[in-house]
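Asker: just the structure for this:
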Amino acid sequence: MTAAQILTALRAEANPANVAGMARYGISTEGTLGVPVHVIRALAKQAGRDHSLALELWDSGVHEARILATIVADPKIVTRRQMDSWARDFDSWDICDQACLNLFRYSPHAWDIAVKWSDARREFVRRAGFAIMAGLAVKAKLAPDERFVALLPLIAAASTDERNMVKKAVNWALRSIGKKNGALRVHAIAAARDIARIDSRAARWIASDALRELTSHKL
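Answerer: Numbering: from 1, shown residues only. Sure, this is the predicted structure:
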């Protein structure tokens, strides 16, 4: 499929009522068509892996086309420059998270980019850094524990960021690392307890929520 064909198919599925509903969940309405995710994924499956197509779709500025771009892009050839460029375009938590979970966490640059973005000024770029960390905790199965332990000071450093989209991602990263295995659970609990002692409302929320899950008998 070509970019033009995909954009035509997406526009045919446009639903203004869905756009209004998405706005209530904090999703940007700029360039948004209100196309359900299952439709986007079905089109992506038809398109297959195609990095050039992904670049065209991203440049369209259409919200759903950008989500589709994150699915068909090739993580093996995505560059740091492209990752930085796309991250600067993030205007909503869903496109941020889709890019991180569908594409960025599989890139050879994932670890370095996560560290770099963990101190970014832009809200969604910083969120992306921690979303990648959370994604790596699930998918980087062969990574040694030490790589994840090294991320915990970055999580602590960002725990005072009061911006909602950042603090939720910081919490997400901390919980995901702690759920990876028993040894990392111990490290994550210790980190959460240190974060709880920081004089910050955001830090206290991150710590209490993480500890609630990581110390649960169910876990």
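Asker: let's verify the closest residue to residue 149 other than its chain neighbours: helix, strand, or coil?
Answerer: Residue nearest to residue 149 in three dimensions, not counting chain neighbours: residue 187, with 5.3 Å by C-beta to C-beta, 6 or more residues apart in numbering. Quick note: C-beta positions are derived from backbone N, CA and C, even for glycine. Secondary structure assignment for residue 187 (DSSP: H, G, I helix; E, B strand; the rest coil): helix.
Asker: pLDDT score assigned to residue 187?
Answerer: Residue 187 is assigned 98 on the pLDDT scale.
Asker: so which strand or helix has the residue nearest in space to the middle of the chain?
Answerer: The residue lying closest to the centre of the chain (C-alpha atoms, centre = their mean) is residue 97, at 2.9 Å. Per DSSP states H and E, residue 97 falls inside helix 93-102.
Asker: which residues does residue 175 contact?
Answerer: Residue 175 makes contact with 134, 188, 209-210, 213-214, according to C-beta atoms under 8 Å, 6 or more residues apart in numbering.
Asker: no no, residue 87
Answerer: Counting by C-beta under 8 Å, 6+ apart, residue 87 touches 96, 99, 117, 120, 122, 124-125, 128.
Asker: ranking by neighbours, what's the top pick from those residues?
Answerer: residue 128 (30 neighbours; other C-beta atoms under 10 Å).
Asker: my guess is that one contacts residue 103. True?
Answerer: No: in this structure, residue 128 is not within contact of residue 103 by C-beta atoms under 8 Å, at 11.0 Å.
Asker: helices or strands next to the longest helix anywhere in the chain in the packing?
Answerer: When the chain is parsed with DSSP state H, its longest helix is helix 123-139. Secondary-structure packing of helix 123-139 (3 or more C-beta pairs under 8 Å, 6 or more residues apart in numbering; DSSP states H and E): helix 80-89, helix 93-102, helix 110-117, helix 152-158, helix 164-178.
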